[in-house]
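Asks: Here is a sequence with its predicted model. Questions after.
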Amino acid sequence: MKLYCLSGHPTLPCNVLKFKSTTIMLDCGLDTTSVLQFLPLPLVHSPRLSKLPGWVSKDGTINLEKELKECAGRVFVDSQPEFCLPEKELLDLSTIDVILISNYHCMMALPYITEHTGFTGTVYATEPTLQIGRLLMEELVNFMERVPKAQSATCWKYKEIQRLLPGPLKDAVEVSTWKRCYSMQDVNSALSKVQLVGYSQKVELFGAVQVTPLSSGYSLGSSNWIIQSHYEKVSYVSGSSLLTTHPQPMDQSSLKNSDVLILTGLTQMPTANPDGMLGDFCSNLAMTIRAGGNVLVPCYSSGVIYDLLECLYQFIENANLGSTPFYFISPVANSSLEFSQIFAEWLCHNKQSKVYLPEPPFPHAELIQTNKLKHYPSIHGDFSSEFRQPCVVFTGHPSLRFGDVVHFMELWGKSSLNTIIFTEPDFSYLDALAPYQPLAMKCVYCPIDTRLNFHQVSKLLKEVQPLHVVCPEQYTQPPPAQSHRSDLMLELQPPPMPYRRCSVLGLPFRRRWERIQLLPEVGPVATHLSDISILLSLVHHSALQWGKKVFSQPPIVQVLPLKKMRGLATLGDLVNDLQRAGTKVTKPTISNTLRRQGLKSCSARRVTLLKPVHVQARLKFAREHLDDPEEDWENVIWSDETKI
Amino acid sequence: MPEIKVTPLGAGQDVGRSCILVSIGGKNIMLDCGMHMGFNDDRRFPDFSYITQQGRLTEFLDCVIISHFHLDHCGALPYMSEMVGYDGPIYMTHPTKAICPILLEDFRKITVDKKGETNFFTSQMIKDCMKKVVPLNLHQTVQVDDELEIKAYYAGHVLGAAMVQIKVGSESVVYTGDYNMTPDRHLGAAWIDKCRPDILISESTYATTIRDSKRCRERDFLKKVHETVERGGKVLIPVFALGRAQELCILLETFWERMNMKAPIYFSTGLTEKANHYYKLFITWTNQKIRKTFVQRNMFEFKHIKAFDRSYADNPGPMVVFATPGMLHAGQSLQIFKKWAGNEKNMIIMPGYCVQGTIGHKILNGQKKLEMENRQTISNGQSEIERCEPGCCRLSLEVKLQVEYMSFSAHADAKGIMQLIRMAEPRNMLLVHGEAKKMEFLKDKIEQEFTINCFMPANGETTTVITNPSVPVDISLNLLKREMALGGPLPDPKKPRTMHGTLIMKDNSLRLVTPEQALKELGLNEHQLRFTCRVQLQDPHSDPDTLSRIYTHLKSVLKGYTIQHLPDGTVMVESIVIKVSSSAEEPNTKVLLLSWSYQDEDLGSFLSTLLKKGLPSGLSSM
């Protein structure tokens, strides 16, 4: 059993587990922090950004003035922003059988994995994960395509050149894998491969492995996964939360007794308390509004924003902000708000019981009804005529590099009355603000990350008692900025197995047993020890996999008992036994009798092992016929057919 | 042999008060707990005394599962849990959990407040009963206890309707509840995977009907409504507040919009608006199309359909009214029917099934004169309450209006039932929720087409099915790998292969291990079974020469076997030992001694037969 680690980002994981001849990808997170190296994409022509000086090295030997621009004392790449993809070279992506998605933030790289790579497997995700994931992808594509940039910068990525670049650009990693955003066509095609699952649904993979999503409490439809056979159990924990927010609470007990627990997606803000941050958020917002300024909240269009709106719903009455307009601007703002109301099954108990009344589970329905919250697809159109100040604007993207937020930065950045409040923990706010400096606007950093912190996770691990823990290497040492805080790391016995990008870990498993089914004819075996012959119909799992037929039960082995043959006796023993009973027989007689009863023995013929050429041929056959419709297969006589 | 027992307490060769008991693997499960619309006495509820004569049901039932919110599937639930007594878990889907208490409360109001019945469950009992409900998600595997697990599948009959799979070990039963195999305007089609249950318990309301395509029925429906409205008549459509009503509303709404019609459409009772709200919040349970477009246009926000007021019934001019309940047995639909029945310009469209004993059933059978109790109606706030006057007189009503029956109720027809059998591949079939005669027909058809047993027990009659559960055994990977290696990497299912292992039963577990491991684990000595045989041979050579000749002979006959001539005067073929001896008296009569172990029996007996034939002449002794 092996684990291939394709991403080094601890909260945006992408790992591949090879388990009992199935290849399972766990999440495919897209590291978007790379966009911080790029210039913002303004929605409205910005004279400031269009007149930036190009960058030439001090000695003048390297001239990249077309690709790199100097802005606010830093150098940025002037092209469409690019993302850091999971590693594609470590293993053949076309061999992946299934992809398990844990939450909508961890699926943003899906089109890069499933499209143009020969991928033919299935993706498993919950319905909210799929729907909201689709919205986030749609939004991302929309942000990019709205501001097309013909130029793509490639020269700066050459190793010899990158080495000589200034500032953070020089230290950017894996730049060769950076890619532009996918298209809507890729998104649709990738998402068409998703098969929906519900919490605690047992999904059989090729009769060999069973996977089950469990509620993880982090976001709508977010899940942890159990990957198990009859004897081995791997738990995959990704983005879980024990706080009471809107999603269904985390299912902890099902994680018990794992052989291996893969732990990712802990909080990125281990020292910030989400409740305190929410308080800060509200008080800063109120202060700015009262002073006549505007508040800008760069955020994702789903997730924490629901909690922010709920918190504000209670807060604005008390704080006398009833007349302040709240705007939510995103191409998917309406969809996101609507979708949040229809997933009653995936919500916490409180919200579920509201639906029974029937009332919408989230109070933002009321905010919209009373016109306190308005949503627009973009700053163009209706918004420009209806927009009143001072106001609060929620809009993306939190990196401040693209989306409607860029416009508001340009618009409000110069006034000290206004405030920008960062709530998303994914981007360093200083880096995000870098191209807008110098700023007069007030900046408040209230990162809200509800995922497990180190204290919670060590308590959880004590409870569920996994034999081994695998985690990103970042969790095995304190954060670099707080190297004295030994409480901000995982301390376990045995120590966790760390991984980093491109690691291949052998997981400590010793498989000793396999499950078969006895037919009931064998029935009650009278003795505690009986010698039996077995007709082996079929056991080999990898053979099943070729047809991609999913068998819901393990293969059956027929067992035929040898009549009356109890224990192991020699002919001599039998002769003696019979003599004592008064019958005189010779050994050959017994031998002949046994033979007449059909007790023959034979040794199986040895057959040569498959040569690589056969393996290749079979694999080729399987690949060629993988997409054949089911009707075609009905005309095929299966050489591995079995009565299951 | 293990067996599964199924006993319907209701819905056995009947429609109404569905309640089916299943005993599987030592667990008892109650499927649905409904009431009968056609009765007003004790027969209204299932006979729970079948389970126990006295006392509570808790210790006799492991769980109760409700398939959907129709009263003939959940109407007896508060009676069962609160009045008879049951404290275990009750499973139902989220929409069912949301809507069920409302319908129960409605039902209670009609029965207690209108008909003045006592000894009936109270509002508090409904609430207490709902506290015992555990919500069920689609496809979620719920572990009721260590052995019993249940899983819900989409059934499409009404919002939140589910089929359930009940599984104990490798035995399983699927109960369909009511289901629909063709997607309609607001719900999707039922679906189940190839789960091969031991018994599939299916409804059979439309056992003998094969309905034409939905589109034709819709066109027919619209045509009839249109014609009636054109000639100034009124159309009454009795429906249940949830389910068909929404489908027909969507249908009429789009038709009105397209045709630019002006006649008003009304929907009776305050429940409707609420009902539409449920549909909006549980939109994930509707069909693909509605789910896809709900952000842009929510299909359950109607423009043309308005709330009904009782005074509108006397308004002149055409109108279309949806009124509850669907079988014309009480309430507003019955009132409006009485008002409109005398005019032949009007029309009543029955879009669903009517239980025997209801007025709906009577007029569908062509009855033109109806006898009914004369009731006085009094208005009481929002809900209308009818009360039977003491000594009320009989009223006879002439039915002149057109009666149309249009099967819109979302049950599977015969084709749909067959389709589901094909999907699930059950080993046995059991029919409930249908009329005996029609069941008989379907039963024959199923037995013919699928060659499986099909049962149709009456209420209180038990069907027993013997199952063949396989026994899970842990096989040592060592053994498996060894045996696999012997046969090459590819399994050939056409040729069963013998494998040798030892089954150990210990601490309730079965393990199959290599004989060596078993011996070691149990501290036993290995016995060897050896066959020995003497063969006499005439050969005028010395003993060593004879042996060499045998060696040469075998070498030429048995190609591909290891044959050794050992220096100690023996020949070994694989593990078979051959020795030659002769007595001093008859040096030419050689006695060959063959000895082989039990494992080499085939080769051993072959050798002995071969050597009995003697050695060919002309063999060199080398």
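Replies: Looks like it came in fine.
Asks: for stretch A:612-631, what is the average pLDDT?
Replies: Stretch A:612-631 carries an average pLDDT of 80.
Asks: C-alpha coordinates for that stretch, PDB please?
Replies: What follows is stretch A:612-631, C-alpha atoms only, in PDB (Å, rounded to 0.1, in the frame of the first residue of the first chain):
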ATOM      1  CA  PRO A 612       5.100  -7.900 -19.400                       C
ATOM      2  CA  VAL A 613       4.000  -8.200 -23.000                       C
ATOM      3  CA  HIS A 614       0.800 -10.000 -22.000                       C
ATOM      4  CA  VAL A 615       0.200  -7.500 -19.200                       C
ATOM      5  CA  GLN A 616       0.500  -4.700 -21.800                       C
ATOM      6  CA  ALA A 617      -1.700  -6.400 -24.200                       C
ATOM      7  CA  ARG A 618      -4.400  -7.000 -21.700                       C
ATOM      8  CA  LEU A 619      -4.200  -3.400 -20.400                       C
ATOM      9  CA  LYS A 620      -4.500  -2.200 -24.000                       C
ATOM     10  CA  PHE A 621      -7.500  -4.300 -24.600                       C
ATOM     11  CA  ALA A 622      -9.100  -3.000 -21.400                       C
ATOM     12  CA  ARG A 623      -8.400   0.600 -22.300                       C
ATOM     13  CA  GLU A 624      -9.800   0.200 -25.800                       C
ATOM     14  CA  HIS A 625     -13.000  -1.300 -24.600                       C
ATOM     15  CA  LEU A 626     -13.500   0.800 -21.500                       C
ATOM     16  CA  ASP A 627     -16.100   3.100 -22.900                       C
ATOM     17  CA  ASP A 628     -18.100   0.400 -24.700                       C
ATOM     18  CA  PRO A 629     -21.700   0.800 -23.800                       C
ATOM     19  CA  GLU A 630     -23.200  -1.700 -21.500                       C
ATOM     20  CA  GLU A 631     -25.300  -3.400 -24.200                       C
END
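Asks: Next, see if that stretch gets close to chain B.
Replies: No: shown here: stretch A:612-631 not in contact with chain B (CB under 8 Å from any CB of the partner chain), separated by at least 9.0 Å. Backbone N, C-alpha and C define where each C-beta goes, glycine included.
Asks: in the stretch 51-200 of chain B, which spans are strands?
Replies: With strands called from DSSP state E, counting those that start in this stretch, the stretch 51-200 of chain B shows them at B:63-65, B:90-93, B:133-136, B:141-143, B:148-154, B:162-168, B:171-175, B:199-203.
Asks: could I get those as a markdown table with mean pLDDT, distance to chain A and mean neighbour count?
Replies: Output for the strands of the stretch 51-200 of chain B, formatted as a markdown table (pLDDT from 0 to 100; distance: least, CB to the nearest CB, whole Å; neighbours: other CB atoms under 10 Å in any protein chain shown):
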| stretch | mean pLDDT | distance to chain A | mean neighbour count |
| --- | --- | --- | --- |
| strand B:63-65 | 96 | 16 | 24 |
| strand B:90-93 | 96 | 9 | 26 |
| strand B:133-136 | 94 | 7 | 19 |
| strand B:141-143 | 93 | 5 | 16 |
| strand B:148-154 | 95 | 8 | 22 |
| strand B:162-168 | 95 | 10 | 25 |
| strand B:171-175 | 94 | 11 | 25 |
| strand B:199-203 | 95 | 16 | 28 |
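Asks: Kindly reformat those as a markdown table containing distance to residue B:111.
Replies: Compiled in a markdown table, the strands of the stretch 51-200 of chain B are given as follows (distance: least, CB to CB, whole Å):
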| stretch | distance to residue B:111 |
| --- | --- |
| strand B:63-65 | 22 |
| strand B:90-93 | 21 |
| strand B:133-136 | 22 |
| strand B:141-143 | 33 |
| strand B:148-154 | 30 |
| strand B:162-168 | 27 |
| strand B:171-175 | 27 |
| strand B:199-203 | 25 |
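Asks: who wins for proximity to residue B:253 among the ones you listed?
Replies: Minimum separation from residue B:253 across the strands of the stretch 51-200 of chain B (CB to CB) falls at strand B:148-154, 24.8 Å.
Asks: what angle do the closest one and strand B:162-168 make?
Replies: Calculated by axes from the mean of the first three to the mean of the last three CA atoms, to 10 degrees, strand B:148-154 forms an angle of 160 degrees with strand B:162-168.
Asks: and strand B:148-154, what does it pack onto?
Replies: Using 3 or more CB pairs under 8 Å, 6 or more residues apart in numbering or on different chains; DSSP states H and E, the elements in contact with strand B:148-154 are strand B:63-65, strand B:141-143, strand B:162-168.
Asks: export those strands to JSON lines and tack on distance to residue B:81?
Replies: Output for the helices and strands packed on strand B:148-154, formatted as JSON lines (distance: least, CB to CB, whole Å):
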{"stretch": "strand B:63-65", "distance to residue B:81": "8"}
{"stretch": "strand B:141-143", "distance to residue B:81": "19"}
{"stretch": "strand B:162-168", "distance to residue B:81": "18"}
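Asks: hey, where'd the strands end up in the stretch 301-450 of chain A?
Replies: Using DSSP E, counting those that start in this stretch, the strands found in the stretch 301-450 of chain A span residues A:326-329, A:373-376, A:392-395, A:419-422, A:442-445.
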